[in-house]
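In: everything below, folded, please.
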Amino acid sequence: MAFLDTINSPQSNRVLKILILVAILLFIAAILIFWFGGSSFSERSVTLQLEGPERAFSGDEVTYTVTYSNNTRTDLQDLKFRFVYPENSIVIDAEGNFSENTTVTFEIEKLDAGKSETKEFKAFLVGDKGSVLYGKVDMTYRAGGINSSFEKKPITVATTIIGMPVPLTLSAPPTAVAGQEITYTLDYRNETENDISDLRFRFAYPEGFTPKRFTPQPSEGNTTWNVATLRKGSGARISITGTITGNERDNRTVVMTLQRKVNNTYINYEKAEAATLISSPLLNVRTVVNGSRDFTASPGEFLTYTITYRNNSTYTFSGLNLLAALEGEMYDLTTLDPAGGFFDDSRKTIIWNSGSVPKFSSLGPQQGGNIEFRVRLKSGFSGTLGSKNFFVKTTATLITQDIPTGLDADEVSTQDSLITKISTEPTISQRMYYQHVSFGSSGPMPPVVGQKTKFTVTWQITNPGNTVNNAVVKATLPSGISWENVTTTLSNLPLPTFDQNKSQVIWNLGNIPYGTGVTGEKYEASFQISITPSATQRGQSPTLMRLGTFSGTDSFTQQNIVINLDDLTTGDTVDRSGEGTVQ
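Out: All right, here's what the predicted structure looks like:
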């Protein structure tokens, strides 16, 4: 009984309550430790990200951003990163200099818990249209007191090259005989909306090629052409002629690198290459147009192609076929005269066999001949304006699979390509008004002896083809004709001026872009001249302006352009035609 009394005493009850309270607090603490006091590190909470452009033009400067975050409660140590630029990139290092190293490593000693940092990498991307370039980054690190290292799998970003600011067409003969003279041609054009400055074209010739002639002449040595400014819409051609040597089936590749000057350093902008196979000298074929390999055509002109073929071997070949493939939108194929050959519309190719050329049934040693066909160019530049409309190409292939005994081959063939540039064809209209919409009219019409009559002359220019450089319009005012110094133009063009020493009206336009008057406004200028007729001019229609010319240079073909304008008399007004006889 005494024992029970002790347990049930008030003091014992207080002790029991305290013990229960302590137990509850320990239980709660255990739960808190279980949920919140366990490990503070999780690999998933360490993140690595890479951002870069999805699309870019070749030659664009791009930025890749690497972001690394520590979202744990544990500090990270010894972070090591490796960033790999896309292939052929021009790397810009942290100091803004160019580097040839496309793999960059860097280390971070410590990244505190909850912290995030970024690092940028810059480069110029170089690639062909449609190619996909990849940037990549990976990372290793240690966490807290854990001795082993952790690794983040590589992260990649893909960038698609969507275009070339200066499309390049590098041509080389597909085949050539050792010792033969061949020509490399590079056609280029600025198809951006801005001028591009400080360009350099550098050629790396293949083994066995010896350059002899150049158009135009190189800027440095025999491999480098500098272009200070390539105007928007402008283009040109570089031609290199020389001899090539090598063994049969050797592949000779010429490489052209377009470079651009950035921060006083030339960087690779674009590349182009073309290959020539040193072929069997058994057969030979060569093409000229209008008697030349370098003929420059005009819209609407007939082209007469002459294909010369020859058997250079000691064998007799039978079953020969000659093919002439026509490439280019400017061919008017409705005018084609295939000279007895069959024209395959789907392939745009003329085919001659022994049925149309009897010699092809049996072409003996050292025998040959010519085939001539004609086709006209379209009268104007058609379709979408662009570099593809400014030249046409013909590729002739002589081939047989009927191999003579003693030859170890599946076929014998030879090929020759010819690119023909098409010159621009700008037009200029010249009109004269008595009553002009901008200047009105002044003076009597018909003109009267002793009284001044003013006339307004309007020049209007259209250029559907290549850019015209150094464009200028000039005309001479005869004695007795005055310059009124009243002028106007469209689209903020330069105003016509008057050279009093030469008595010439001069409209200096500089460059006229391709598409002027077709996809954009025509170039137009108006100015006023006047005459105060003398008594000796009564009954006549005096000349107001003579010796008018439009001149310039085709930026692609480098041909000089000259268009002569008709003389204007007082009787040549549009609105008062035939009323110009002096009273």
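
In: who is the spatially closest residue to Tyr184 that is not a sequence neighbour paired with across the strands?
Out: Nearest non-adjacent residue to Tyr184, counting by C-beta to C-beta, 6 or more residues apart in numbering: Ile240, 4.6 Å away. Yep, even glycine has a C-beta here, placed from its N, CA and C like the rest. Ile240 has these beta-bridge partners by DSSP bridges: Tyr184, Phe214.

In: just Asn469 next, same as before
Out: With DSSP bridges as the rule, Asn469 is bridged to Thr553.

In: so it makes contact with Thr553?
Out: Yes: under the criterion of C-beta atoms under 8 Å, Asn469 makes contact with Thr553 at 4.7 Å.

In: what count of nearby residues applies to Phe343?
Out: When neighbours are counted by other C-beta atoms under 10 Å, Phe343 registers 17.

In: kindly report the same for Val437.
Out: With other C-beta under 10 Å as criterion, Val437 counts 9.

In: please determine how far it is located from Thr458.
Out: In this view, Val437 and Thr458 are 10 Å apart by C-beta to C-beta, to the nearest Å.

In: contacting residues for Asn321?
Out: 351-353, 360, 398-400 (C-beta atoms under 8 Å, 6 or more residues apart in numbering).

In: try 10 Å this time
Out: By C-beta atoms under 10 Å, 6 or more residues apart in numbering, the residues touching Asn321 are 351-354, 357, 360, 397-401, 413.

In: let's have those in a markdown table, adding neighbour count, secondary structure and pLDDT.
Out: Below are the contacts of Asn321 laid out as a markdown table (neighbours: other C-beta atoms under 10 Å; DSSP: H, G, I helix; E, B strand; the rest coil; pLDDT from 0 to 100):
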| residue | neighbour count | secondary structure | pLDDT |
| --- | --- | --- | --- |
| Ile351 | 17 | strand | 97 |
| Trp352 | 23 | strand | 97 |
| Asn353 | 15 | coil | 96 |
| Ser354 | 15 | coil | 94 |
| Val357 | 19 | coil | 96 |
| Phe360 | 21 | helix | 96 |
| Thr397 | 19 | strand | 94 |
| Leu398 | 24 | strand | 94 |
| Ile399 | 17 | strand | 94 |
| Thr400 | 18 | strand | 93 |
| Gln401 | 12 | coil | 92 |
| Ser413 | 20 | strand | 85 |
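
In: now those in JSON lines, with distance to Gly580?
Out: Below are those laid out as JSON lines (distance: C-beta to C-beta, whole Å):
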{"residue": "Ile351", "distance to Gly580": "62"}
{"residue": "Trp352", "distance to Gly580": "61"}
{"residue": "Asn353", "distance to Gly580": "66"}
{"residue": "Ser354", "distance to Gly580": "69"}
{"residue": "Val357", "distance to Gly580": "63"}
{"residue": "Phe360", "distance to Gly580": "67"}
{"residue": "Thr397", "distance to Gly580": "63"}
{"residue": "Leu398", "distance to Gly580": "65"}
{"residue": "Ile399", "distance to Gly580": "68"}
{"residue": "Thr400", "distance to Gly580": "72"}
{"residue": "Gln401", "distance to Gly580": "75"}
{"residue": "Ser413", "distance to Gly580": "69"}
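
In: of those residues, closest to Ser234?
Out: Thr397 (33.7 Å; C-beta to C-beta).

In: touching, that closest one and Arg347? I think so.
Out: No: using C-beta atoms under 10 Å, Thr397 is not in contact with Arg347; the gap is 11.7 Å.

In: which neighbours do the two share?
Out: With C-beta under 10 Å, 6+ apart, Thr397 and Arg347 have common neighbours 323, 325.

In: low pLDDT regions in the stretch 301-450 of the chain?
Out: Within the stretch 301-450 of the chain, the stretches with pLDDT under 70 are 381-389, 408-409.

In: looking at the contacts of Asn321, which is nearest Gln367?
Out: Nearest to Gln367 among those, with distances taken as C-beta to C-beta, is Phe360, at 10.7 Å.

In: who's the residue nearest to Ser526 when sequence neighbours are not counted bridged to?
Out: Of all residues not flanking Ser526 in the chain, Thr458 sits nearest, at 4.5 Å (C-beta to C-beta, 6+ apart). Beta bridges link Thr458 to Arg431, Ser526 when assigned by DSSP bridges.

In: what number of residues lie near Thr458?
Out: 18.

In: is it true that it touches Ala525?
Out: Yes: at 7.3 Å, Thr458 counts as touching Ala525 under the criterion of C-beta under 10 Å.

In: what strand or helix carries Leu25?
Out: Taking DSSP states H and E as the criterion, Leu25 maps to helix 10-36.

In: report the mean per-residue pLDDT for that helix.
Out: For helix 10-36, mean pLDDT is 61.

In: and after that helix, which helix or strand comes next?
Out: Immediately after helix 10-36, counting by DSSP H and E, sits strand 46-51.

In: and the helices in the stretch 151-300 of the chain, which stretches?
Out: With DSSP state H, counting those that start in this stretch as the definition, the stretch 151-300 of the chain shows no helices.

In: where does it have low pLDDT?
Out: 280.

In: repeat that with 50
Out: Nowhere does the stretch 151-300 of the chain drop to pLDDT under 50.

In: now do the shared contacts for Thr458 and Ala525.
Out: Thr488.

In: picking that back up, shared neighbours, Val437 and Thr458?
Out: Common neighbours of Val437 and Thr458 (C-beta under 10 Å, 6+ apart) are Ser526.

In: contacts for stretch 530-542?
Out: Contacts of stretch 530-542 (C-beta under 10 Å, 6+ apart): 442-444, 446-455, 477-478, 480-484, 486, 543-544, 569-572, 578-583.

In: let's see 8 Å
Out: Contacts of stretch 530-542 (C-beta under 8 Å, 6+ apart): 442-443, 447-455, 478, 480-482, 484, 544, 569-571, 580-583.

In: what's the answer for stretch 77-87, then?
Out: Contacts of stretch 77-87 (C-beta under 8 Å, 6+ apart): 64, 66, 68, 91, 102-111, 119, 121, 123, 125, 127, 133-143, 149, 159.

In: separate out the buried members of those residues.
Out: For the contacts of stretch 77-87, a burial check counting by 16 or more other C-beta atoms under 10 Å picks out 64, 66, 68, 91, 102, 104, 108, 111, 119, 121, 123, 125, 127, 133, 135-139, 141-143, 159.

In: can you list the domains in this protein?
Out: 43-163, 165-279, 281-422, 427-569 (automatic domain parsing).

In: would a markdown table of those domains with distance to Lys17 be doable?
Out: Output for the domains of the chain, formatted as a markdown table (distance: least, C-beta to C-beta, whole Å):
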| stretch | distance to Lys17 |
| --- | --- |
| domain 43-163 | 38 |
| domain 165-279 | 82 |
| domain 281-422 | 94 |
| domain 427-569 | 96 |
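
In: got a pLDDT number for Tyr141?
Out: pLDDT, Tyr141: 94.

In: got the phi and psi for it?
Out: phi -160, psi 170 (degrees, to the nearest 10).

In: that one: what's it in contact with?
Out: 46, 76-80, 111, 149-150, 152 are the contacts of Tyr141 under C-beta under 8 Å, 6+ apart.

In: what do you get if the cut-off is 10 Å, keeping everything else the same?
Out: Tyr141 neighbours (C-beta under 10 Å, 6+ apart): 43, 46, 48, 68, 70, 76-81, 107-108, 110-111, 149-152.

In: looking at the sheet around it, what are its partners?
Out: With DSSP bridges as the rule, Tyr141 is bridged to Phe150.

In: re earlier: closest to Arg260 out of the contacts of Asn321?
Out: Thr397 (37.6 Å).

In: ok, that closest one to Ser413 distance?
Out: Taking C-beta to C-beta, one finds Thr397 at 6 Å from Ser413.
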